[in-house]
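[1] show me the folded form of this:
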Amino acid sequence: MKLAFSSNAYLKHPFDETARRIAAIGYEGLELLADVPHAWPAGLLEGPKKAILAAMAQNNLGFSNVNAFMMNAIADHRQPYWHPSYIEPDPNYARVRIDHTRRALELCAELGAPHVTTEPGGPIPSGVSRAQAVDRFVEALKPLAEHAEKLGVMLLVEPEPELLVERTDQYLEIQDRVGSGALGLNFDVGHAFCVSEDLPKAIAAMAPYTKHYHLEDIAATRVHHHLPPGEGAIDFAEVVAAIKATGYDGWLTVELYPNQDDPDAAARRAFDVLKPLVA
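    Numbers count the residues shown, from 1 in each chain. The predicted structure follows:
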């Protein structure tokens with residue numbers, strides 16, 4: 001397994017500097033944020049794309065993932081990461097999320113990254129049943145998964161507290177109904193802890209579907225706030241051992257977007273805790 005760090009902690013830094021800093025700490029990979037300021041797909045010209053590839057090569061970094069979950073560029077007043085969602089009451093606004101994901105998949109293929117992570121449907125709108133929301137989400141994902149398959153990349157759904165798909169096992173219905181080999185699970189360990197999943201059991205059960213992991217710590221309160229590993233209540237020795245037991249040999253990406261004031265310090269703390277466990 002290899003450690004990567006998400007560029008979404010470096011929103012105050014240009015991409016070339018972000019890549020240099022992440023590599024200097026010791027990470028082998030980088031998760032590219034498909035959003036401002038690093039790689040908003042709708043406005044990314046050829047020059048910046050080439051600059052991203054050059055920075056990755058100069059720093060000997062691999063792409064662990066393309067993160068299309070966040071949509072800071074839209075700056076929805078309700079929540080800049082969750083909205084617009086796939087299940088917005090306004091279908092035209094939901095289309096903004098769908099089109100963004102499609103563009104992110106195309107960017108992923110163009111850059112040679114393995115997959116794109118996206119939100120698990122979004123918050124269920126008022127007056128909409130869970131069953132109706134699942135129907136909307138599945139119908140949005142079907143053409144996106146088909147597009148991913150044509151491009152030779154994968155689209156990964158990331159369960160998150162308070163959204164349509166909160167638990168990793170809830171992903172199974174989505175996988176079954178979409179029915180595409182290009183759809184997979186992004187297992188976010190902190191999110192699973194927030195909703196009180198038994199982490200070793202969930203990791204083992206979801207191994208056939210998991211194509212990528214996000215790692216962050218969470219306080220014992222289980223409040224959804226990302227902390228550097230070692231600063232919360234998650235037993236990362238147990239978690240990494242459980243992941244190893246599945247035979248997974250891909251990327252483990254540390255995601256610490258709340259640490260934008262000092263991302264280097266957070267990245268180093270995480271690396272110091274995780275590297276001995278992964279080695």
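[2] what's the end-to-end length of stretch 152-171?
    Using CA to CA, to the nearest Å, one end of stretch 152-171 lies 22 Å from the other.
[3] quick one: average confidence on that stretch?
    Per-region confidence: stretch 152-171 scores 98 on mean pLDDT.
[4] and it, how far out from the chain middle?
    Mean-position distance between stretch 152-171 and its chain equals 10 Å (CA atoms, centre = their mean, to the nearest Å).
[5] check contacts around the residue nearest to residue 115 when sequence neighbours are not counted.
    Excluding the flanking residues, the one nearest residue 115 by CB to CB, 6 or more residues apart in numbering is residue 154, at 3.9 Å. Just so you know, the C-beta spots here come from the backbone N, C-alpha and C atoms, and that holds for glycine as well. By CB atoms under 8 Å, 6 or more residues apart in numbering, the residues touching residue 154 are 114-116, 148, 182-184, 211.
[6] which of those has the most neighbours?
    residue 116 (31 neighbours; other CB atoms under 10 Å).
[7] need the contact partners of the helix or strand harbouring that one.
    According to DSSP states H and E, residue 116 maps onto strand 115-118. Defining contact as CB under 8 Å, 6+ apart, one finds that strand 115-118 is touched by 34, 65-69, 101, 104-105, 108, 148, 153-158, 184, 186, 211-212, 214.
[8] among these, which are in helices?
    Counting by DSSP state H, the part of the contacts of strand 115-118 found in helices is 101, 104-105, 108, 148.
[9] list buried residues within those residues.
    Neighbour-count burial (16 or more other CB atoms under 10 Å) is assigned, among the ones in helices among the contacts of strand 115-118, to 101, 104-105, 108, 148.
[10] torsion angles phi and psi at residue 255?
    phi -120, psi 110 (degrees, to the nearest 10).
[11] correct me if wrong: it contacts residue 31.
    Yes: the pair formed by residue 255 and residue 31 meets the contact definition of CB atoms under 8 Å, at 7.2 Å.
[12] shared neighbours, the two?
    Common neighbours of residue 255 and residue 31, using CB under 8 Å, 6+ apart, are 6, 8, 67.
[13] count the neighbours of the last one for me.
    By that I understand residue 67. Counted by other CB under 10 Å, the residues lying close to residue 67 total 26.
[14] hey, C-alpha coordinates of the strand holding residue 116 in CSV?
    Extracted C-alpha coordinates of strand 115-118, given in CSV (Å, rounded to 0.1, in the frame of the first residue of the first chain):
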residue,chain,number,x,y,z
HIS,A,115,-10.7,7.1,-10.4
VAL,A,116,-13.0,9.9,-9.3
THR,A,117,-14.6,10.1,-5.9
THR,A,118,-18.0,11.8,-5.6
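[15] just to revisit the earlier point, save the ones in helices among the contacts of strand 115-118 as JSON lines, and put in distance to residue 58 too.
    Shown next, in JSON lines, are these (distance: CB to CB, whole Å):
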{"residue": "101", "distance to residue 58": "29"}
{"residue": "104", "distance to residue 58": "24"}
{"residue": "105", "distance to residue 58": "26"}
{"residue": "108", "distance to residue 58": "21"}
{"residue": "148", "distance to residue 58": "29"}
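[16] and residue 83, how close does it get to residue 268?
    According to CB to CB, to the nearest Å, residue 83 and residue 268 sit 33 Å apart.
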